[in-house]
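Asker: Predicted model and sequence follow; I will ask about them next.
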Amino acid sequence: MADKNITEVVEVKNEGFEKAQSFVEQYGKKIGTAAVALLVVVGGYFGYQEFMVKPKAAEANDKIFKAQQYFAIDSFKLAIEGDGVNKGFKYISENYSGTSIGKLAKYYAGVSYLRLGNYADAVKYLKDFSTDVPQVQMMAYGALADAQSELKSTDDAIANYKKAASTFTKDEGNSSEYLFKAALLSEVNGKTEEATKLYKELKEKFPKTEKGFQADKYINRISVEKPNF
C-alpha cells in the first residue's frame, strides 16, 4: 500500500515537472524577452533620474538663490526677470520645469507678479502650480485668489480662498484669514447666504483666532435689516 502511494506521488511530481517544462519551452522565449524589456525600462528610468534629473535639479538650485534674495528685498522685477547675470524665476520655471526647484520658481514668479500688480500673469503662474507641501500650497491658493479677486473673477477667487483655508488648517492664523476673505468677498458681492455660512464656519473652526472671535459681528451685520429712510 505504501509503495502504491509513493508511486502515485512520484507520478504527480513527474506530471507537474513535465507541465512546467512544457510551459517553459512554449513561453520561455517570450518570458525572457519581457524580462529583458522590463530591465531596460527600469534601468533607463534610474539612469535618467541619476544622470539627467539630479544634475538638473542641482543646477536649478544654484540658479534660484539670487532670485530668492531679490524676492526677499521686494525687488520683484529683478526676481522675475533676472539681473543680466543671474537668472530670474521666469527663466528657471521654464527651463527647469521637471524639477522641484523649477516648480517652486513658478510659485515665486506668480507671487512676484501679484506684488507688482500684474494680476493676469500672477494667475497664469499660480494656476499651474502644485506641490505636496501643504504650507506652500495653501499660500499659493491664497495668492491665486488675491489675483483673481483683483481681476473680478469673484467665483474663482472665493473657491480658491476656501481651498487655501482648508489645505493646512494647522496654521490657524492664515487659514482663518483666507476663510474670512472668502466670506467677505461673498458678502460684498451679494452672496449673503454663502457669506453667512462661511462666517459660521470661521467661528466654529477657528474660534481662537482674531477673525474667528469676530465672526459673530459679521454674521449680525448680515442678519440685521437695513433701516428704510
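Answerer: Great, that's in hand. Just so you know, these numbers come straight off a predicted model, no measurement behind them.
Asker: how about low-confidence regions in the protein?
Answerer: 1-58, 60, 225-229 (pLDDT under 70).
Asker: try it again with 50
Answerer: Within the chain, the ranges that satisfy pLDDT under 50 run 2-13, 24, 39, 43-53, 227-229.
Asker: Residue 105 is in contact with residue 93, isn't it?
Answerer: Yes - between residue 105 and residue 93 there is a contact under C-beta atoms under 8 Å: 4.0 Å. Bear in mind the C-beta positions are built from the backbone N, C-alpha and C, glycine included.
Asker: And these two? Which one has more around it.
Answerer: Comparing residue 105 with residue 93 by other C-beta atoms under 10 Å, the one with more neighbours is residue 105, at 31 against 26.
Asker: got the buried residues for whichever helix or strand the more buried one is part of?
Answerer: If you go by DSSP states H and E, residue 105 is part of helix 100-115. Within helix 100-115, the residues that count as buried by 16 or more other C-beta atoms under 10 Å are 101-115.
Asker: what about the helices in the chain?
Answerer: Applying DSSP state H to the chain gives helices spanning 2-48, 54-72, 76-81, 89-95, 100-115, 119-127, 134-150, 154-167, 172-188, 192-205, 210-213, 215-223.
Asker: Check which helices and strands the third one sits against.
Answerer: This means helix 76-81. When contacts are defined as 3 or more C-beta pairs under 8 Å, 6 or more residues apart in numbering; DSSP states H and E, helix 76-81 packs onto helix 54-72, helix 89-95, helix 100-115.
Asker: Can you add distance to residue 155 and give these back as TSV?
Answerer: Shown next, in TSV, are the helices and strands packed on helix 76-81 (distance: least, C-beta to C-beta, whole Å):
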stretch	distance to residue 155
helix 54-72	30
helix 89-95	27
helix 100-115	19
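Asker: For residue 168, which of the ones you listed is the nearest?
Answerer: helix 100-115 (14.6 Å; C-beta to C-beta).
Asker: residues in contact with the closest one?
Answerer: 57, 60-61, 63-64, 67-68, 71, 74, 76-77, 79-80, 88-90, 92-97, 119, 121-126, 128-131, 136, 139-140, 143-144, 146-147 (C-beta atoms under 8 Å, 6 or more residues apart in numbering).
Asker: Among those residues, name the buried ones.
Answerer: By 16+ other C-beta under 10 Å, the contacts of helix 100-115 give 57, 60, 63-64, 67, 71, 76-77, 79-80, 88-90, 92-93, 95-96, 119, 121-123, 125-126, 129, 131, 136, 139-140, 143-144, 146-147 as buried.
Asker: so how far is the helix holding residue 105 from its chain's centroid?
Answerer: Relative to the chain's own centre, helix 100-115 is displaced by 13 Å; criterion: C-alpha atoms, centre = their mean, to the nearest Å.
Asker: Kindly report the same for stretch 213-229.
Answerer: The answer for stretch 213-229 is 37 Å, by C-alpha atoms, centre = their mean.
Asker: Go through the helices of the chain and pick out the most buried.
Answerer: helix 100-115 (a mean of 23; mean count of other C-beta atoms under 10 Å).
Asker: Kindly export it (C-alpha atoms) in PDB.
Answerer: Backbone C-alpha positions of helix 100-115 (Å, rounded to 0.1, in the frame of the first residue of the first chain) are rendered in PDB as follows:
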ATOM      1  CA  SER A 100      11.100  70.700  -7.700                       C
ATOM      2  CA  ILE A 101      13.100  73.900  -7.800                       C
ATOM      3  CA  GLY A 102      11.500  74.700 -11.200                       C
ATOM      4  CA  LYS A 103       8.100  74.300  -9.800                       C
ATOM      5  CA  LEU A 104       9.000  76.400  -6.800                       C
ATOM      6  CA  ALA A 105      10.200  79.200  -9.100                       C
ATOM      7  CA  LYS A 106       6.700  79.200 -10.700                       C
ATOM      8  CA  TYR A 107       5.200  79.900  -7.300                       C
ATOM      9  CA  TYR A 108       7.700  82.700  -6.600                       C
ATOM     10  CA  ALA A 109       7.100  84.200 -10.100                       C
ATOM     11  CA  GLY A 110       3.300  84.200  -9.500                       C
ATOM     12  CA  VAL A 111       3.600  85.900  -6.100                       C
ATOM     13  CA  SER A 112       6.100  88.400  -7.600                       C
ATOM     14  CA  TYR A 113       3.700  89.300 -10.400                       C
ATOM     15  CA  LEU A 114       0.900  89.700  -7.800                       C
ATOM     16  CA  ARG A 115       3.100  92.100  -5.800                       C
END
